[in-house]
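Peer 1: Sequence and predicted structure, then a few things I'm wondering about:
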Amino acid sequence: MLQQTMEKQVGHTFHALRTAIENCPDELWSAGEGAYLVIARLAFHALQAVDYDLDAHPERFDWEGSDIEALWDWTRTLAYLDEMHDKARACVADEAGLLGEDVSPRFHLSRLDHLCYALPHMVQHTGEINALLRQAGAPVGGWL
Ligand code: NI
């Protein structure tokens, strides 16, 4: 039951971000008011954080300080989303690992606890992306 529950939660979270990315018109992808509120940047950060949260030694990319031109395009970001969804699914599928010690035991009780920390972080940034889409009059995904 625990694994099915988490599989479902992971699925909802990735679906919401995927919908937000898919709804983003080309002209909005790397446009933004400021250094932070750029959809390409927020989408990448949401995914990179999952990558980091589920791995002891992830590759890092300076999502916040990078120039807009250095941010990933829509296609590459969606491929990364699929990769991270698979990574989260693999985490959930490993029942013993899920309840085992996390890579950051100082901050997280278990890998499950760390995953439960990572998902609302994704949701937070998905909400920012949807707010930018709504502000621009673009279609916005519904809640699930
Ligand atoms: Ni964040």
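Peer 2: Sure thing, it's come through. Numbers count the residues shown, from 1 in each chain.
Peer 1: which residues sit against stretch 91-104?
Peer 2: Stretch 91-104 has contacts (Cβ atoms under 8 Å, 6 or more residues apart in numbering) with 2-3, 6-7, 10, 54-56, 108-115. (Glycine included, C-beta is placed from N, CA and C.)
Peer 1: Just the buried ones from the residues you listed?
Peer 2: Buried by 16 or more other Cβ atoms under 10 Å: Met6, Val10, Leu54, His108, Arg111, Leu112, Asp113, His114, Leu115, out of these.
Peer 1: if I look at the fourth one, how far off is Val50?
Peer 2: From His108 over to Val50 the distance is 14 Å, taken as Cβ to Cβ, to the nearest Å.
Peer 1: repeat for the fifth one
Peer 2: Using Cβ to Cβ, Arg111 is found at 13 Å from Val50.
Peer 1: if I look at these two, which residues touch both of them?
Peer 2: Counting by Cβ under 8 Å, 6+ apart, nothing touches both Arg111 and Val50.
Peer 1: thinking again about what came up before, nearest to Lys87, of the buried ones among the contacts of stretch 91-104?
Peer 2: Leu54 (5.5 Å; Cβ to Cβ).
Peer 1: Return the residues in contact with Val10.
Peer 2: Residues near Val10 by Cβ under 8 Å, 6+ apart: His85, Ala88, Arg89, Val92, Leu115, Leu119.
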